[in-house]
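Asker: Here is a sequence with its predicted model. Questions after.
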Amino acid sequence: MDTSLTTSQLLAATTELLESGGYNSVQPSNGWASNSRVFEDPYGIVAVVAYQTWSDLAEKWPDAQGQLVELISAHLTRPEPKSWEGYLVLLTPSEAPASARSQLADIRYDTNRVRKLVATGDDLRTLDDVEQALLPLLPLQVEAQLESGPALLERLPTLLAERGIEVEAARTVVNAFMANESILERLHAFRSRE
């Protein structure tokens with residue numbers, strides 16, 4: 001029984017992950033195949049192309065790169081930061097043969113024109129593996145486990161006092177920081193009162 005993923009499943013999982021990560025789907029005007037999707041966020045543009053086989057990916061990825069570069073060039077000016085953040089995600093549910101490992105590495109490390117993320121059947125055993133392939137594009141998931149009690153900034157003057165820094169001077173600095181005021185001016189005013 002073949003349990004490999006389909007290109008449709010890869011595209012659906014990619015779409016769900018990127019949209020939940022803050023990307024919007026873009027409908028390019030023409031020339032994009034049904035095996036591709038385009039997304040953007042405030043910082044960059046991502047084209048995802050899913051190929052049925054490794055051979056297709058190895059042969060056709062330069063065409064997809066060309067389309068992405070044309071899309072970026074047509075809609076963004078060179079000075080815009082977003083024009084420099086183009087990503088081409090190349091996916092295939094088929095495994096790359098051992099003889100293709102060098103070619104696979106060459107594609108991954110080729111940052112000419114746009115950056116490439118490549119995942120083959122070796123990397124994509126389940127739909128959960130799609131997220132792993134897209135991690136460089138997704139927002140960081142930080143799970144903060146804060147202890148109960150005062151916030152770190154509130155505790156900072158006491159912690160600094162253990163290192164020989166005057167508590168009131170540290171409080172002055174923290175208060176200036178919290179008020180988004182000049183720390184140096186506040187500290188100078190504090191020292192002038194002494």
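Answerer: Here it is on my side, so go on.
Asker: Can you find the helix or strand of the protein with the lowest average pLDDT?
Answerer: helix 152-161 (a mean of 82; mean pLDDT, DSSP states H and E).
Asker: Just the residues contacting the helix or strand just after that one, thanks.
Answerer: Next along the chain after helix 152-161, taking DSSP states H and E as the criterion, comes helix 167-178. Here helix 167-178 makes contact (Cβ atoms under 8 Å, 6 or more residues apart in numbering) with 153-154, 156-158, 160-161, 182-183, 185-187, 190-191. Just so you know, the C-beta spots here come from the backbone N, C-alpha and C atoms, and that holds for glycine as well.
Asker: can you pull the buried residues of helix 167-178?
Answerer: 169-174, 176 (16 or more other Cβ atoms under 10 Å).
Asker: what sits against the one residue sitting closest to the centre of the chain?
Answerer: Centroid-nearest residue in the chain, with Cα atoms, centre = their mean: residue 137, separated by 2.4 Å. Neighbouring residues of residue 137 by Cβ under 8 Å, 6+ apart: 18, 21, 23, 46, 87, 89, 117.
Asker: How about residue 160, nearest residue that isn't a chain neighbour?
Answerer: residue 170 (4.5 Å; Cβ to Cβ, 6 or more residues apart in numbering).
Asker: any idea how far residue 128 lies from residue 93?
Answerer: Separation of residue 128 from residue 93 (Cβ to Cβ, to the nearest Å) stands at 14 Å.
Asker: Check residue 69 too.
Answerer: Counting by Cβ to Cβ - residue 69 and residue 93 are separated by 26 Å.
Asker: can you pull out the helices in the protein?
Answerer: Using DSSP state H, the helices of the chain run over residues 7-20, 54-75, 101-109, 128-134, 152-161, 167-178, 183-193.
Asker: Now do the fifth one: everything it contacts.
Answerer: Contacts made with helix 152-161 from outside it, assessed by Cβ under 8 Å, 6+ apart, are listed as 149, 167-168, 170-171, 174, 177-178.
Asker: could I get those residues as JSON lines with distance to residue 31 and pLDDT?
Answerer: Shown next, in JSON lines, are those (distance: Cβ to Cβ, whole Å; pLDDT from 0 to 100):
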{"residue": "149", "distance to residue 31": "58", "pLDDT": "52"}
{"residue": "167", "distance to residue 31": "66", "pLDDT": "88"}
{"residue": "168", "distance to residue 31": "66", "pLDDT": "89"}
{"residue": "170", "distance to residue 31": "61", "pLDDT": "86"}
{"residue": "171", "distance to residue 31": "62", "pLDDT": "88"}
{"residue": "174", "distance to residue 31": "56", "pLDDT": "85"}
{"residue": "177", "distance to residue 31": "52", "pLDDT": "83"}
{"residue": "178", "distance to residue 31": "52", "pLDDT": "82"}
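Asker: Done for today, thanks.
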